[in-house]
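S.K.: My questions concern the predicted model and sequence given below.
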Amino acid sequence: MKILFITLIMLMAVPCYADECVILLHGLARSAASMEKLADRLTAEGYVVANVDYPSRKHDVEKLAFMAVDKGLAMCNKSKPAKIHFITHSLGGILVRQYLQHNSIESMGRTVMLGPPNGGSEVVDKLNNVPGFKIINGPAGLQLGTGVNSIPNSLGPANFEVGIISGTKSINLFLSILIPETDDGKVSVESTHLENEKDFIEVPVSHPFIMKNDQVIEEVVFFLRNGVFEKAQPK
């Protein structure tokens, strides 16, 4: 009886979101391995996690969006979830926007974007004609400029519930010279904003490591539960 009581207390104390699935989409020139720390934390919280790997440097945004999101949905749907959430890094956020521009997800939940180039990146504007840029960044990388005809700026406002975490620390001083005002080494804080965003916070972390930052991970978990970031709450 005592063992049963302790087990029940433990189950009550640990939140369980087994009927909710979270799709993780990594950034450009990265892999699912870059999202493993985040995946482990979400799994520990009880979520079903689909950490999607996709060939980010081989195709354009349009093709990658269907490839990556459909793969994530297929992984999630095995568990018949009540809700499907997205956590994205950089390019991954643009893929979700591209997908939802043309498709709806009936069980769509919340999305958290980490360092997304929602307004494009000035780095692409200034380096896209440099030899080797396309080889390193692929067709999708060339589509992420800040012009009105760039993919990010052609997708319009968010039509889903989204919170955005923007980095404010750079470890790439050369690229930061190309970016106006505060940036994370790849994207300016201003460019991460998205019309109709539900919440927004800035964290002193750089673009390549934002998905592994402990504070960021805590904020991600809080947003999935509450629809706002914890840092934004009144004290």
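M.R.: Looks like it arrived, so ask away. Residues are numbered from 1 along each chain as shown.

S.K.: Check what pLDDT L8 gets.
M.R.: Predicted confidence (pLDDT) at L8: the value is 49.

S.K.: With L4 instead?
M.R.: The pLDDT attached to L4 in the predicted structure is 53.

S.K.: What of the one 10 residues further on?
M.R.: Note for V14: predicted pLDDT of 48.

S.K.: Quick test: name the residue nearest the centre of the chain.
M.R.: The C-alpha lying nearest the average C-alpha coordinate of the chain belongs to T88 (Cα atoms, centre = their mean; 1.5 Å).

S.K.: where are the low-confidence patches of the protein?
M.R.: Per-residue confidence for the chain (pLDDT under 70) gives these ranges: 1-16, 232-235.

S.K.: what ranges do the helices span in it?
M.R.: With DSSP state H applied, the chain shows helices at 2-13, 36-44, 61-77, 91-102, 122-127, 133-142, 151-154, 173-177, 189-192, 214-226, listed in chain order.

S.K.: got the ones you listed as a markdown table, with mean neighbour count columns?
M.R.: Backbone N, C-alpha and C define where each C-beta goes, glycine included. As requested, those are arranged in a markdown table below (neighbours: other Cβ atoms under 10 Å):
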| stretch | mean neighbour count |
| --- | --- |
| helix 2-13 | 9 |
| helix 36-44 | 17 |
| helix 61-77 | 19 |
| helix 91-102 | 24 |
| helix 122-127 | 20 |
| helix 133-142 | 17 |
| helix 151-154 | 20 |
| helix 173-177 | 13 |
| helix 189-192 | 21 |
| helix 214-226 | 19 |
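
S.K.: Figure out which of the ones you listed is closest to D53.
M.R.: When those are compared by Cβ to Cβ, helix 61-77 sits nearest D53, at 8.4 Å.

S.K.: what does the closest one contact?
M.R.: If you take Cβ atoms under 8 Å, 6 or more residues apart in numbering as the criterion, helix 61-77 is touched by 21, 23-25, 48, 50, 52, 54-56, 59, 84, 86, 91-92, 94-96, 98-99, 103, 105, 140, 143-144, 151.

S.K.: switch to 7 Å and redo it
M.R.: Outside helix 61-77, the residues within contact range by Cβ atoms under 7 Å, 6 or more residues apart in numbering are 21, 23, 25, 48, 50, 52, 54, 56, 84, 94-96, 98-99, 140, 143, 151.

S.K.: For M211, give me its contacts.
M.R.: If you count contacts by Cβ under 7 Å, 6+ apart, then M211 has 34-35, 38, 89, 114 around it.
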